[in-house]
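Trainee: next come a sequence and a model predicted from it.
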Amino acid sequence: MILYIMRHGQTDYNKQGLLQGQVDIPLNDEGIKQALAAKKQIDLLDIDLVICSPLKRAIKTAKMVTFNKKIIVDERIIERNLGVYEGQPSLEYDHNKYYRYEENNTGGNVEGIKEITNRAQMFLDDLKTNYLNKKILIVTHGAFINALLYAINPHLVCETVPSISLKNCEYVKIII
């Protein structure tokens, strides 16, 4: 199985440095341009299946980069709920505090890191069961991408869930 895990295109919140979480913000004009540019790369990948988050920014990105492909919307790959931090400047959110796996901090109604990584693990298990020999494009969000990478290889991390930072409409290729 080959996974192409893509972050959605830019939104106004991204541009302003605000945390989105599960706030359903649409792509802005730059996000649309990014998705159209990414389509050229995605066309070369010979994708069998597209799965995306239910949030507008992910659905629009998935539609734009794949056009005629059927898209499966999966609630499990929605962005992490950031509680009271949603809509706030990203500087207000202590990433280290909320990514420590053993602490599983849920202060401010933030979804615990164990909960999002459990969602990612269930999603990954379903992919392995149902789509083992497929090339899959997954269009989702930054925090969920980190949780999914942790589910793929939890041995990479001792204390915290990995925190890679894909730019809008960038993707990473994972072979399982």
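Mentor: Thanks, I have it. Residues are numbered from 1 along each chain as shown.
Trainee: what's the longest helix in the chain?
Mentor: Assignment by DSSP state H gives helix 113-130 as the longest helix of the chain.
Trainee: off-centre distance for the helix or strand that it is followed by?
Mentor: Using DSSP states H and E, the helix or strand that follows helix 113-130 in sequence is strand 135-140. Put simply, strand 135-140 sits 9 Å off its chain's centre (C-alpha atoms, centre = their mean, to the nearest Å).
Trainee: pull the residues that contact strand 135-140.
Mentor: 1-8, 42, 45-53, 58-59, 61-62, 65-66, 77-79, 127, 148, 171 (C-beta atoms under 8 Å, 6 or more residues apart in numbering). All C-beta atoms are positioned from the backbone trio N, CA, C, and that covers glycine.
Trainee: tell me the bridge partners for the closest residue to residue 66 other than its chain neighbours.
Mentor: Of all residues not flanking residue 66 in the chain, residue 50 sits nearest, at 5.1 Å (C-beta to C-beta, 6 or more residues apart in numbering). Taking DSSP bridges as the rule, residue 50 bridges to residue 71, residue 137.
Trainee: so who does residue 50 touch?
Mentor: 62, 66, 69-72, 136-137, 139.
Trainee: from residue 28, how far out is it?
Mentor: Distance, residue 50 to residue 28, using C-beta to C-beta, to the nearest Å: 22 Å.
Trainee: and the residue nearest to residue 66, what's its pLDDT?
Mentor: Looking at residue 50, its pLDDT stands at 98.
Trainee: and residue 66, how many neighbours?
Mentor: Neighbours of residue 66 under the rule other C-beta atoms under 10 Å: 21.
Trainee: from memory it sits against residue 47, does it?
Mentor: Yes: at 6.7 Å, residue 66 counts as touching residue 47 under the criterion of C-beta atoms under 8 Å.
Trainee: inside strands: which ones of the contacts of strand 135-140?
Mentor: Residues from the contacts of strand 135-140 lying in strands, with DSSP state E as the criterion: 2-7, 49-52, 171.
Trainee: ok so, going back, for PyMOL, write a command that selects the buried ones of the contacts of residue 50.
Mentor: PyMOL command restricting these to the buried ones, with burial defined by 16 or more other C-beta atoms under 10 Å:
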select buried, resi 62+66+71+136+137+139
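Trainee: next up, the contacts around the residue most central in space within the chain.
Mentor: Centroid-nearest residue in the chain: residue 141, 2.6 Å away (criterion: C-alpha atoms, centre = their mean). Residues in contact with residue 141, defined by C-beta under 8 Å, 6+ apart, are 7-8, 20, 53, 55, 58, 77-80.
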